[in-house]
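**Student:** This is a predicted model, with the sequence first.
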Amino acid sequence: MAEFAVDPAFEAGSIAVGDLPLCHVRLQTDARWPWLILIPRGPGLREVEDLSPADRARLIEETVLAGQAVRAMAAAIGFTVEKLNIGALGNVTPQLHVHVVGRRAGDAAWPGPVWGVGLPEAYGADGLDTALQAARKALGL
């Protein structure tokens, strides 16, 4: 059986936060939004239906936890989250993954989706470190 590996497409725009019981967690490095990506650690996973019923339930719980972490990241970097967007699209990167994005009225893409809007903005070194620390603390990592 093949081992779990993060699709290389994630490497360019995100950095590792750590691992939860089911998912590898990455922070999307676009400073316009506090944003985490959950990638269930299993070889060849493409759809939620590829997970066992127990892992589907765990994915939901880890998504809720990631939402709390996104809110903690946002507070740490001075971004108010009014709405969490949660999506598992996979049209560009087919490896099963879930985006958890903090949104607010007037952000760079509001009220539409964040994908394909403008150019990513890099975090400053301090901002990225602050966001990572807040995410790890909220996730218990």
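**Tutor:** Noted; the coordinates are in hand. Numbering: from 1, shown residues only.
**Student:** How are the strands of the chain distributed by residue range?
**Tutor:** Taking DSSP state E, the strands of the chain run over residues 14-19, 23-28, 35-40, 83-87, 98-103.
**Student:** Now tabulate those in a markdown table and tack on mean neighbour count.
**Tutor:** Every C-beta, even on glycine, is put in place using the N, C-alpha and C of the backbone. Listed next are the strands of the chain as a markdown table, based on neighbours: other CB atoms under 10 Å:
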| stretch | mean neighbour count |
| --- | --- |
| strand 14-19 | 16 |
| strand 23-28 | 23 |
| strand 35-40 | 24 |
| strand 83-87 | 15 |
| strand 98-103 | 24 |
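**Student:** Kindly reformat the ones you listed as JSON lines containing distance to residue 132 and mean pLDDT.
**Tutor:** Formatted as JSON lines, the strands of the chain follow (distance: least, CB to CB, whole Å; pLDDT from 0 to 100):
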{"stretch": "strand 14-19", "distance to residue 132": "6", "mean pLDDT": "98"}
{"stretch": "strand 23-28", "distance to residue 132": "6", "mean pLDDT": "98"}
{"stretch": "strand 35-40", "distance to residue 132": "11", "mean pLDDT": "98"}
{"stretch": "strand 83-87", "distance to residue 132": "19", "mean pLDDT": "98"}
{"stretch": "strand 98-103", "distance to residue 132": "15", "mean pLDDT": "98"}
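**Student:** Tell me who's in contact with residue 13.
**Tutor:** The contact partners of residue 13, taken as CB atoms under 8 Å, 6 or more residues apart in numbering, are 28, 29, 30, 120.
**Student:** Of those, grab the buried ones for ChimeraX.
**Tutor:** Of the contacts of residue 13, the buried ones go into a single ChimeraX selection, burial set by 16 or more other CB atoms under 10 Å:
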select :28,29,30
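**Student:** just curious, which of the contacts of residue 13 is nearest to residue 139?
**Tutor:** If you rank these by distance to residue 139 using CB to CB, residue 28 comes first, at 15.0 Å.
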